[in-house]
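Predicted coordinates and the sequence they were generated for:
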Amino acid sequence: MSSRIVSGIRPTGHPQLGNYFGALKQWVSIAEKADETFFCIVDQHALTTLKDMQTLKQDTMIMAATYIACGIDPVKNAIFVQSHVPYHTELAWYLTCITPMGWLSRMTQFKDKAGKKRENALTGLFTYPVLMAADIVLYGATHVPVGDDQKQHVEFARDIVQVFNNMAADEILKMPEPVIQKSGARIKSLRDGLKKMSKSDASDYSRINLNDDNDLIALKIKKAKTDPNAITGDIKSLENRPELENLIILHALLENKSTQDVLSSFDGQNFSNLKLSLTDLLIDHVSPIREKVNTLLNDQAYLNSCLKDGADRANIVAQQTMQQVRTSLNLLQI
Ligand code: TYM
């Protein structure tokens, strides 16, 4: 069976290190082996949480530039904007019609984002997983590389595929598999090792953004929360030390080493050595991406042409799926 990879990121500002390790970095390696790839900038998803629409256009361009700067080749991969393919919202509606409310009420991300005032939560936030399922099945995705926090949404998409195909009595929609890395699937906040690193955290010091300059990276790592104990090489010692574990995992991911190897190399040392070494690695890694993003952002005509080409390719595949979906729903076609 040929492999189709589909994934996406919400354009809500510059991506952070969690987006990089959970998504972008693994997209590049998976894309090398895949038959077809669709990397979407999910601007319609961004509308569910946006506080300020003024920045959406610019954030969409930033995301396009970031995909390319991180190594997604726009010639080999379709890079496109969700709202440039109208079939996402059309398919989402058909899927909404077969989605039980109870399934959506159980989504942990909805519960987290809606908070205590559930009655006031926006309907778009509630039905968000249906739109995400549409993003995935529209392209017949076989694999969906995401961070750990999106696993439940991909599993939801699998459930919907089953319901739809049962109803249609045919394998109209392909069953997608989530692809989640063993390490780096949940990068933690620099201020609280129990929370995930997130673009929406109120404190900018909780995350490293891919556009942070070198001084800011150094400052954020210097201020990163630690604990009072010295580092030991015993991997079990990480169990109750989430902040240390996060810094060690980041160090290991950046160096392509195992967590144990990195931990052993800091055995008996204090946090400041680990932090200095991590800062150097981060700067080596992030600054070329930042510079490439800035260069690309100065060439809007090039970015527009990549997005136009990506949307053309995405529309062709999406249209084929929609034709089959409409037929199986018995919608009158003239
Ligand atoms: P979003 O925009 O919140 O995040 C984009 C990707 O980054 C991953 N990620 C992380 N990975 C590890 N550690 C972290 N701290 C971290 N923070 C974010 C996310 O898991 C995700 O892979 N609903 C999705 C976007 C989406 C999508 C899709 C993804 C819409 N349609 C179709 C795949 C396929 C979201 O909000 O991701």
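Perfect, thanks for sending it.

and V144, what does it touch?
I5, V6, S7, I136, Q150, V154, A157, P176, E177, P178, V179 (C-beta atoms under 8 Å, 6 or more residues apart in numbering). (Each C-beta comes from the backbone N, C-alpha and C, glycine too.)

Is there a neighbour count for the nearest residue to I208 once chain neighbours are set aside? I'd like the number.
Counting by C-beta to C-beta, 6 or more residues apart in numbering, I208 lies nearest to L17, which is 4.5 Å off, once chain neighbours are set aside. For L17, the neighbour count with other C-beta atoms under 10 Å is 25.

one step back: looking at the contacts of V144, which has the most residues close by?
I136 (30 neighbours).

Let me see the contact set for that one.
V6, V144, V154, A157, P176.

now K195
K188, S189, D201, S206.

Now do the phi/psi pair for it.
Backbone torsions for K195, taken as degrees, to the nearest 10, come to phi -100, psi 150.

Let me see the ranges of the helices in the stretch 1-150 of the chain.
Applying DSSP state H, counting those that start in this stretch to the stretch 1-150 of the chain gives helices spanning 17-19, 25-33, 43-46, 56-69, 87-96, 101-105, 108-114, 123-137.

Mind checking the ones you listed for the one nearest to V75?
The closest of those to V75 is helix 56-69. By C-beta to C-beta, the value is 10.3 Å.

from the chain's centre, how far out does stretch 127-140 sit?
14 Å (C-alpha atoms, centre = their mean, to the nearest Å).

which one is C70 nearest to, not counting chain neighbours?
In space, C70 is closest to L24, 4.4 Å off (C-beta to C-beta, 6+ apart).

What residues does the one you found make contact with?
Contacts of L24 (C-beta under 8 Å, 6+ apart): I9, P15, T66, Y67, C70, G71, I72.

Check A224 too.
Applying C-beta under 8 Å, 6+ apart, the residues near A224 are L190, R191, E243, L247, K275.

what's the burial count for D43?
D43, neighbours per other C-beta under 10 Å, totals 21.

Show me which residues of the stretch 51-200 of the chain sit near the ligand.
132, 135-136, 144, 146-147, 149-150, 153, 185-187, 196-198 (C-beta under 6 Å from any ligand atom).

For T108, give me its contacts.
Q152.

ignore the last one, S206
S189, L190, R191, D192, K195, M197, S198.

same thing but 10 Å
16, 188-192, 195-200, 220, 224-225 (C-beta atoms under 10 Å, 6 or more residues apart in numbering).

so A23 makes contact with C70?
Yes. Counting by C-beta atoms under 10 Å, A23 does reach C70; the two are 9.3 Å apart.

joint contacts of the two?
Both A23 and C70 are contacted by P15, under the criterion C-beta under 10 Å, 6+ apart.

quick one, which of those two is more surrounded?
Here A23 and C70 are compared on neighbour count by other C-beta under 10 Å; more neighbours surround A23, at 23 against 19.

Model confidence for that one, exactly?
We have a pLDDT of 97 for A23.

What pLDDT is listed against D52?
75.

what's the neighbour count on it?
D52, neighbours per other C-beta under 10 Å, totals 8.

contacting residues for the closest residue to the ligand within the chain?
Per C-beta to the nearest ligand atom, the residue of the chain with the smallest distance to the ligand is G22, at 1.9 Å. Neighbour list for G22: 9, 16, 145-150, 180-181, 184-187, 196-197 [criterion: C-beta under 10 Å, 6+ apart].

cutoff 6 Å now
G147, A185 (C-beta atoms under 6 Å, 6 or more residues apart in numbering).

Against I187, how distant is it?
With distances taken as C-beta to C-beta, to the nearest Å, G22 is found 7 Å from I187.

before we move on, what about D149?
10 Å.

same check, this time on I235
19 Å.

re earlier: the residues of the stretch 51-200 of the chain next to the ligand in strands, which ones?
Residues of those located in strands (DSSP state E): V144.

would you list every one of the helices in the stretch 201-334 of the chain?
214-223, 242-255, 259-265, 271-297, 300-328.
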